[in-house]
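Participant: fold the following, please.
(one chain, ligands or ions: 4)
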Amino acid sequence: MLNKYARAFFTRVLTPFAAFLLRRGVSPDAVTLVGTAGVVAGALVFFPRGEFFWGTIVITLFVFSDLVDGNMARQAGISSRWGAFLDSTLDRVADGAIFGGFALWYAGNGDDNVLCAVALFCLAAGQVVSYTKARGEAIGLPVAVNGLVERAERLVISLVAAGLAGLHGFGVPGIQVLLPIALWLVAVGSLVTLVQRVVTVRREAIEADGPAGQGAAS
Ligand SMILES: CCCCCCCC/C=C\CCCCCCCC(=O)OC[C@H](COP(=O)(O)OP(=O)(O)OC[C@H]1O[C@@H](n2ccc(N)nc2=O)[C@H](O)[C@@H]1O)OC(=O)CCCCCCC/C=C\CCCCCCCC
Ligand SMILES: O=P([O-])([O-])O[C@@H]1[C@@H](O)[C@H](O)[C@@H](O)[C@H](O)[C@@H]1O
Ligand SMILES: [Mg+2]
Ligand SMILES: [Mg+2]
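Facilitator: Ligands and ions are numbered 1, 2, ... in the order given. Coordinates of the predicted model:
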C-alpha cells in the first residue's frame, strides 16, 4: 500500500537530495552500503539494550537511503541488475538486524520469551515474504500481488512503535506497550501476506504450466 501511495511523494521530496549526492560524485551503491551499515548499527547497538528511542532515531536517519539509492540510479540512468541485487540483498540484512535487535532485547533484559518468539517470527516471516516474490519472479512469473504488509509497512509499523515506546525512558507512562502491539501486528500481517503471495504464485504457475504442468506435478 505504502509502495503504491507514498512512493511518489517520497520520490518528489528526495529527488533534490539524490541529485546533490550525484553531483558530489557519490554512487548509488555507496548509498546502499552506508545506509545498510547505519541501520544495522542503530538496531544492534541500541535495541538489545532497550534504547528504542535513540535506536529508532539512528535507523530513521539511514533507512531512507533505500529510497535515495534507486532514485539516484534512475536519475543518472545507471539502474542495473547488480544494483537491484545489492539493494534487495542488503534490505534483508537491515531487516534481520532490526527484528533481531528486538528479539535480543526480549531474550535479555526485556525478559519475555513470547515476545522474543514473536520478534523472531517477524524476522523469519519478513524474509520469506520477500523470498516468495524474488523466487516467483526468478521462475518467470509476474507475482502480481504484493499483499497486505510489504517491507515499507513492516518497517513503518515497527519503527513508529519502537520510537514511541522509547519515550517511556523519558517518563511517558504506559507507552512501551506499543512495541508488543506492533510486533504482533507485523507477525499476523506478514503471515497474511505470505498466504496471499503463495496463493498468487500457485495460480500463476498453474496458468503458465497448463494441464501438462499440472500432470507433471502430480
Ligand atoms: C509521532 C510519530 C509519528 C511518526 C510518523 C512517521 C510516519 C512514517 C514516516 C515515513 C513513512 C515512510 C514510508 C515510505 C514508504 C515508501 C514506499 C516505498 O517506496 O517503499 C519501498 C522503498 C524502497 O524500495 P526499493 O529499494 O525497492 O526501491 P528503490 O527506489 O531503491 O529502487 C530499487 C531499484 O533501484 C536500482 N538501484 C538501487 C540501488 C543501487 N545501488 N543501484 C540501483 O541500480 C535498481 O534498479 C533497483 O531495482 O522503501 C522502503 O522500503 C524503505 C521504507 C522506509 C520506511 C521508513 C520507516 C521510518 C518510519 C518511521 C520513523 C518514525 C520515527 C518515529 C519516532 C517517534 C519518536 C517520538
Ligand atoms: O517483498 P517485500 O519484502 O514485501 O518488499 C520489498 C520490495 O517492495 C522492494 O521493491 C525490494 O527492493 C525489497 O528488497 C523488498 O523485497
Ligand atoms: Mg532502494
Ligand atoms: Mg530496497
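Participant: contacts only, for Gln75.
Facilitator: Taking CB atoms under 8 Å, 6 or more residues apart in numbering as the criterion, Gln75 is in contact with Thr15, Ala18, Ala19, Leu22. Quick note: C-beta positions are derived from backbone N, CA and C, even for glycine.
Participant: just give the closest residue to the third one, not the sequence neighbours.
Facilitator: Once its chain neighbours are removed from consideration, Ala19 has its nearest residue in Gln75; the separation is 6.1 Å (CB to CB, 6 or more residues apart in numbering).
Participant: show me the contacts for the residue nearest the centre of the chain.
Facilitator: Closest to where the C-alpha atoms of the chain average out (CA atoms, centre = their mean) is Arg151, at 3.5 Å. Arg151 makes contact with Asp91, Asp95, Gly126, Ser130, according to CB under 8 Å, 6+ apart.
Participant: does Phe47 touch Phe102 like I think?
Facilitator: Yes - under the criterion of CB atoms under 8 Å, Phe47 makes contact with Phe102 at 5.9 Å.
Participant: next one: the longest helix seen in the chain to chain centre, how far?
Facilitator: Assignment by DSSP state H gives helix 178-217 as the longest helix of the chain. Per CA atoms, centre = their mean, to the nearest Å, the displacement of helix 178-217 from the mean C-alpha position of its chain is 17 Å.
Participant: which other helices and strands contact it?
Facilitator: helix 113-138, helix 151-165 (3 or more CB pairs under 8 Å, 6 or more residues apart in numbering; DSSP states H and E).
Participant: winner for burial among these?
Facilitator: Of these, the one with the most neighbours on average (mean count of other CB atoms under 10 Å) is helix 151-165, at a mean of 21.
Participant: next secondary structure after the helix or strand of the chain with the lowest mean pLDDT?
Facilitator: The weakest-scoring helix or strand in the chain, judged by mean pLDDT, DSSP states H and E, is helix 2-5 (a mean of 83). Scanning forward in sequence from helix 2-5 by DSSP states H and E, the next helix or strand is helix 7-23.
Participant: pull out the buried positions in the host helix or strand of Ala73.
Facilitator: Per DSSP H and E, Ala73 falls inside helix 65-76. Across helix 65-76, burial judged by 16 or more other CB atoms under 10 Å covers Ser65, Asp66, Leu67, Val68, Asp69, Gly70, Asn71, Met72, Ala73.
Participant: before I go, just wanted to say thanks for your time.
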